[in-house]
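Visitor: how does the following fold in three dimensions:
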Amino acid sequence: MPYVGHGGGSKICTFKGMAKEMISVTPDEVSTGRLHGYLLGAIGPRPIAFASTVDEKGRPNLSPFSFFNVFGSKPPILIFSPARRVRDNTTKHTLQNVLLTKEVVINIVNYNMVQQMSLSSTEYPKGENEFKKAGLTMVRSDLVKPFRVGESPVQFECKVTKVEALGKEGGAGNLIFSEVLKVHIDKAILDEEGVIDQAKIDQVARMGGNWYSRANMGLFEVAKPLSTMGVGVDALPSQIRLSKVLTGNDLGMLANVEKIPSQKEVDEFIDSNIEIRSIISGGERKDLEVRAQEYLRNNDVQSALKTLLAP
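Guide: Numbering: from 1, shown residues only. Prediction:
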């Protein structure tokens, strides 16, 4: 028989000779932010709905949501939930657009685009095109107005059949019932029988904090977008954006900075770095880009940018 006792505001529970110290809370005795952290830290990994919508003027919007799953196949229903912002109880552009247009494209996120997906969650002003800010490809849909994400391995064109608000306070969810009208699947992720190969699709899922999960590869971190707003991929110089070496994830990391380093900062970096001066003297732009990737793998974004901005 388990024994449960109290001590220091927590509970000491003994199960099969093993003791656990448990904390217990009710939702109204902790802040919404703290409860949000408990929920997201405990419930995961969560799939990501990369939702594409358009506003009343036809302007694209793109944002990820990890309150998401599939809830039937006849009819095929996907449900995701943009929550009201805790800090000021406002609603997100995705929800506003869906209520106006009743259409959405839900794109699946794989590892190759995770940094760009994260960057797109930056709260850019209404009307800003997150496809461009994140450096993702806009593909016209066949049956709905919102665009598909070309880099996504699976894209679902959907009509919105219902939106159910779960509350009126900050943190409250809004269930968006999305009926799938058409599915687009990258042939490269199919196996010999035409079924989606779970290794090839290489999905990522959301965990708590900065943590994500990658199928068969375990946990990894992605730094959250700057609260001051990253410059976006479209603000990077063309020699960086058009590089054949840098990946989408590389661009997503490079664009998550508040400002591009000045020429003075670049010159000072080069003057103090023998290795970079040696690469420059060798005349191979590709070598600079490979070195920048190494900086990015060590989360040194500023050094990567300064390397790429070298003349």
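Visitor: what's around Ile108, how many residues?
Guide: Using other Cβ atoms under 10 Å, Ile108 is surrounded by 22 other residues. From N, CA and C alone the C-beta is placed, and that goes for glycine too.
Visitor: can you tell me the average pLDDT over stretch 128-137?
Guide: Regarding stretch 128-137, the rounded mean pLDDT is 97.
Visitor: contacts for it, please.
Guide: 59-63, 113, 116-117, 119-120, 122, 124, 138, 147, 149-151, 230, 232-234, 241, 248, 251-252, 255 (Cβ atoms under 8 Å, 6 or more residues apart in numbering).
Visitor: for the biggest helix by length in the chain, name the packing helices and strands.
Guide: Secondary structure of the chain per DSSP state H: the longest helix is helix 285-297. Counting contacts by 3 or more Cβ pairs under 8 Å, 6 or more residues apart in numbering; DSSP states H and E, helix 285-297 packs against helix 248-254, helix 274-282, helix 301-308.
Visitor: packed most tightly, which of those would that be?
Guide: Greatest average neighbour count among these goes to helix 248-254 (a mean of 23), per mean count of other Cβ atoms under 10 Å.
Visitor: which strands and helices lie in contact with it?
Guide: helix 114-120, helix 238-241, helix 285-297, helix 301-308.
Visitor: do that again at 7 Å, thanks
Guide: helix 114-120, helix 285-297, helix 301-308 (3 or more Cβ pairs under 7 Å, 6 or more residues apart in numbering; DSSP states H and E).
Visitor: contacts for that helix?
Guide: 112-116, 118-119, 134-135, 151, 233, 236, 240-241, 293, 296, 301, 304-305 (Cβ atoms under 7 Å, 6 or more residues apart in numbering).
Visitor: the strands in the stretch 51-200 of the chain, which residues?
Guide: Ranges of strands in the stretch 51-200 of the chain, per DSSP state E, counting those that start in this stretch, are 60-65, 68-73, 76-80, 103-108, 138-139, 148-149, 154-165, 174-185.
Visitor: show me what the last one is packed up against.
Guide: Taking 3+ Cβ pairs under 7 Å, 6+ apart as the contact definition, the neighbouring helices and strands of strand 174-185 are strand 76-80, strand 103-108, strand 154-165.
Visitor: any idea which of those gets closest to Arg285?
Guide: Closest of those to Arg285 is strand 103-108, at 32.3 Å (criterion: Cβ to Cβ).
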